[in-house]
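In: Prediction below, plus the sequence it came from.
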Amino acid sequence: MTHSSTPSSSALVPEPTGAAMRRGPFRVGERVQLTDERGRMNTITLEAGGAFHTHKGFLNHDAVIGLPDGSVVTNTAGHQYQALRPLLSDFVLSMPRGAAVVYPKDAGQIVTMADVFPGARVVEAGVGSGALSISLLRAVGDGGYLHSFERRQEFADIARGNVETIFGGPHPAWRISLGDFQDEVVKAEEPGSVDRVVLDMLAPWECLDAVATVLAPGGVWINYVATATQLSRTAEAIRADGRFTEPDAWESMVRGWHLEGLAVRPEHRMVGHTGFLLVARRLADGVEPLVRKKRVKTEFTQEDLNAWTPESVGERQVSDRKLRRAARDARAGRAEED
C-alpha cells in the first residue's frame, strides 16, 4: 500500500529571489531600514522573536514581520520608526567590505556612461567588495553576462557573500574568477566577444592588450581611478596605443539640499571627489585613430614613473585579519537570508 504525504506549507512556498525579494510584506530573514523621528537610520535583520534595542525602549521584530513596506511602527516607549526595505545605495554603504566600495554616484555614472544594457557581455576587475558588481548585474539582467576578475580570494569571498545577499542567491549572469585580469581574461573570453570592460584597479594601463583583444569594435572601456597621476598615465597609454578613440575623463560630486519651509539651501556637507572616470571605445582593426589638433605629445621621465607606485598614489593596504572578518560577515549575511 502506497502512502502519500501532503507537502508542508513552507515547502509549497519557495524562498523569494530577485524581484520577489523587493515586494510583499516584510519576511523573516530580510533586512529592514528603521528611521526614527530625528532621521537617524538603523538596519536590522528580522528574526522571529527578535528585538531592536535602544536607550529609548525596544521594538519587537514580530511587530514588523508581516507588515507592508513603508509602514510606521512604535516601540515599547512610544517612539515611532518608519520601516522600509533598504535601497541599493543603502545596502552598498553598509555592507561588509574589505576594500573601499565604488560609491553609488560613481556606479550610476559607470552603468549609464558605459551604456551597460540588458543582455550585454561585460567583464570587470577588480571586484573589491562587490558594490559595482551588483550594479552591473542589475544592468545586464538575468539574460546578460558579467565575468568578474579578482586577485585576492578574500575579496572574492566578500563580494560573493554581498552579491548573494542582495539577490537572494547566486546570480545566473555572474561568474567570478581569481587571477590577474590581463592574464586570465584572454584565456576565458573569445577575441572581440565582450561589449563592455570596466576596470577598477591601480594600473589599468597594464591591461591595454588584454582589453583590446577581448573588446568588440565599438565596445566601451571605462576605468575608475583614484588619483590624477593614474588618470594621466592611463589616458596617455590609451592615446599611444592607437586602437581606441580619444579618451574622455570626468568626476562627479553630489551635494544635498536642506529643505525646511523657506529655509532651502545647500547642505554644509557633500560627497566630493571619490574617483575619476575615464572612457574610450574600441576602434575597428586596422583603423587609424583621429588625432585631436593642438595636443602636445607627452614624454614621461623616470621621476614621473616613480610617482605611479602603490605607495605614491596612497593605496591603502587592508590587513588579512580585516579581510577575513569582512568575508565572515558577508557569508553570515547570506546565511541569514537563507
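Out: Nice, thanks for sending it over. Quick caveat: nothing in here was measured; it's all calculated off a predicted structure.

In: So residue 150 is in contact with residue 127, correct?
Out: Yes: using C-beta atoms under 8 Å, residue 150 is in contact with residue 127, at 4.1 Å. No exception for glycine: its C-beta is placed from N, CA and C like everyone else's.

In: Overlap of the contact sets of the two?
Out: 156, 159, 176 (C-beta atoms under 8 Å, 6 or more residues apart in numbering).

In: now stretch 210-217, how far from the centre of its chain.
Out: Averaging C-alpha positions (C-alpha atoms, centre = their mean, to the nearest Å) puts stretch 210-217 23 Å from its chain's average.

In: actually stretch 88-100, not the one I wrote
Out: 8 Å.

In: mind listing what's buried in that stretch?
Out: Buried residues in stretch 88-100, counting neighbours by 16 or more other C-beta atoms under 10 Å, are found at 90-92, 95-99.

In: Need the contact partners of it.
Out: Contact with stretch 88-100 is made by 31, 33, 41, 43, 86, 101, 103-104, 107, 128-131, 134-135, 138, 154-155, 158, 161-162, 165-166, 316, 318, 322-323, 326-327, 329-330, 333, as judged by C-beta under 8 Å, 6+ apart.

In: do stretch 317-337 as well
Out: Counting by C-beta under 8 Å, 6+ apart, 29-30, 45, 95-99, 129, 152, 154-155, 157-162, 164-165, 168 sit against stretch 317-337.

In: redo that, cut-off 6 Å
Out: Stretch 317-337 has contacts (C-beta atoms under 6 Å, 6 or more residues apart in numbering) with 29, 45, 96-98, 154, 157-158, 161-162, 164-165.

In: just these now: which is nearest residue 72?
Out: Within these, the smallest distance to residue 72 is 19.8 Å, found for residue 45 (C-beta to C-beta).

In: That closest one touches residue 31, doesn't it?
Out: Yes: using C-beta atoms under 6 Å, residue 45 makes contact with residue 31 at a distance of 5.5 Å.

In: Looking at those two, which has the bigger crowd around it?
Out: Using other C-beta atoms under 10 Å as the criterion, residue 45 and residue 31 rank with residue 31 on top: 20 against 16.

In: Need the pLDDT of the more buried one.
Out: At residue 31, the pLDDT value in this model is 89.

In: tell me the contacts of it?
Out: 43, 45, 86 are the contacts of residue 31 under C-beta under 6 Å, 6+ apart.

In: try residue 137
Out: 146, 171, 173-174.

In: Those: which two are farthest apart?
Out: Farthest apart among these by C-beta to C-beta are 146 and 171. That separation is 7.9 Å.

In: Now do the contacts for the nearest residue to residue 131 once chain neighbours are set aside.
Out: Nearest residue to residue 131, sequence neighbours excluded (C-beta to C-beta, 6 or more residues apart in numbering): residue 101, at 3.8 Å. By C-beta under 6 Å, 6+ apart, the contact set of residue 101 is 92, 129, 131.

In: measure residue 101 to residue 225 for me?
Out: Noted for residue 101: a distance of 15 Å to residue 225, by C-beta to C-beta, to the nearest Å.

In: ditto for residue 102
Out: Residue 102 sits 12 Å away from residue 225 when distances are taken as C-beta to C-beta.

In: circling back: return the members of the contacts of stretch 88-100 classed as buried.
Out: Buried among these by 16+ other C-beta under 10 Å: 31, 33, 86, 101, 103-104, 107, 128-131, 134-135, 138, 154-155, 158, 161-162, 165-166, 318, 323, 326-327, 329-330, 333.
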